[in-house]
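K.L.:
Just a sequence and a predicted model for now, questions to come.
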Amino acid sequence: MEKIILIGGGTHVQYSIDIIQKENKYNILGIVDDNIRVGEELFGFPVLGGKEDLQNITKKYNVYKGIITIGDNWVRKNIFDYVSNLIPSFKWVNAIHPSVIIGSDVKIGVGVIAMAGVIFNPGAFIGDFTFYATGCQIEHDCSISEFASVSAGSVLGGFVKIGKYSAITMNVTIFDRLSIGDNTVVGSASLVTKSLPSNILAYGNPVKIIRDRQKNEKII
């Protein structure tokens with residue numbers, strides 16, 4: 001099996017490792033993280049260095065594939081930009097848990113992580129570098145734009161559109177045929193009965209707009 005590098009050593013990496021091991025498609029060479037000393041181990045895998053060491057790491061081990069194991073959407077985007085500029089030939093893989101249900105005509109991009117029990121129903125578009133937590137449901141003909149995320153237990157009705165960098169947090173329900181703009185966060189347990197614009201935080205049952213959000217603002 002080909003070897004891959006995991007970029008990011010926070011809480012996101014633990015279940016990413018679990019998914020990759022269960023898929024049994026790749027061997028994990030190690031982890032790249034700026035905040036952990038080289039040589040330390042995380043969940044049985046060595047820390048190879050920080051992102052500034054990545055060029056040397058790829059040359060040393062001749063490994064040019066990997067995945068970004070970071071939960072925050074904007075941080076994931078920033079890491080992607082950094083690596084793509086540093087090593088244009090670097091290839092991105094997916095980590096899709098074997099229990100994920102994938103319907104017919106589902107299109108899945110690169111750099112995608114989907115945890116156990118996720119459902120991608122027919123006709124869904126799953127954008128690059130998107131993340132799906134345990135048991136979330138992406139109904140038929142939904143479109144999830146790049147670097148967005150859907151957290152555990154959330155349900156998107158049919159034909160829902162989620163914009164770039166947006167985060168649907170835990171146990172959110174979004175009615176059919178609605179759209180969520182770019183860089184918008186929908187708080188936990190919200191009921192979304194109307195479309196939401198870009199660059200806002202919204203939550204509630206029914207959902208209400210709470211405040212504006214800035215580019216690169218962290219989800220939490």
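P.N.:
Looks like it arrived, so ask away. Residues are numbered from 1 along each chain as shown.

K.L.:
Buried ones in the longest helix anywhere in the chain, by neighbour count?
P.N.:
For the chain, the longest helix by residue count, based on DSSP state H, is helix 73-86. Judged by neighbour count (16 or more other Cβ atoms under 10 Å), helix 73-86 contains these buried residues: 73-77, 79-80, 83. C-beta coordinates here come from the backbone N, C-alpha and C atoms, glycine included.

K.L.:
Redo those residues as TSV? Include distance to Phe131 and pLDDT.
P.N.:
Converted to TSV, the buried residues of helix 73-86 look like this (distance: Cβ to Cβ, whole Å; pLDDT from 0 to 100):
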residue	distance to Phe131	pLDDT
Asn73	8	97
Trp74	12	97
Val75	11	96
Arg76	8	97
Lys77	12	97
Ile79	13	97
Phe80	13	98
Val83	17	97
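
K.L.:
with those residues in mind, which one is nearest to Phe159?
P.N.:
Asn73 (22.2 Å; Cβ to Cβ).

K.L.:
How many residues are close by Glu40?
P.N.:
Around Glu40 there are 12 other residues, counting by other Cβ atoms under 10 Å.

K.L.:
For the residue lying closest to it once chain neighbours are set aside, give its distance to Gly39.
P.N.:
Once its chain neighbours are removed from consideration, Glu40 has its nearest residue in Val47; the separation is 4.9 Å (Cβ to Cβ, 6 or more residues apart in numbering). Note on Val47: its distance to Gly39, by Cβ to Cβ, to the nearest Å, is 7 Å.

K.L.:
between those two, who's got more neighbours?
P.N.:
With neighbours defined as other Cβ under 10 Å, Val47 and Gly39 compare such that Val47 has more, 19 against 10.

K.L.:
Just the pLDDT at that one, thanks.
P.N.:
Note for Val47: predicted pLDDT of 97.

K.L.:
phi, psi of the residue located most distally from the centre of the chain?
P.N.:
Taking Cα atoms, centre = their mean, the residue of the chain most remote from its mean C-alpha position is Lys60, at 27.9 Å. The phi and psi values for Lys60, taken as degrees, to the nearest 10, are phi -60, psi -40.

K.L.:
The one 4 residues further on now?
P.N.:
Main-chain dihedrals, Tyr64, degrees, to the nearest 10: phi -130, psi 30.

K.L.:
Which strands or helices does the longest helix of the chain pack on?
P.N.:
If contacts are counted by 3 or more Cβ pairs under 8 Å, 6 or more residues apart in numbering; DSSP states H and E, helix 73-86 sits against helix 54-61, strand 65-68.

K.L.:
between the longest one and helix 73-86, how many degrees?
P.N.:
For helix 54-61 against helix 73-86, the angle between stretch directions is 60 degrees (axes from the mean of the first three to the mean of the last three Cα atoms, to 10 degrees).

K.L.:
what helices or strands is the least confident helix or strand in the chain by mean pLDDT leaning on?
P.N.:
Each helix and strand of the chain was given a mean pLDDT (mean pLDDT, DSSP states H and E); the minimum falls on strand 41-42 at a mean of 94. With contacts defined as 3+ Cβ pairs under 8 Å, 6+ apart, strand 41-42 has no helix or strand neighbours.
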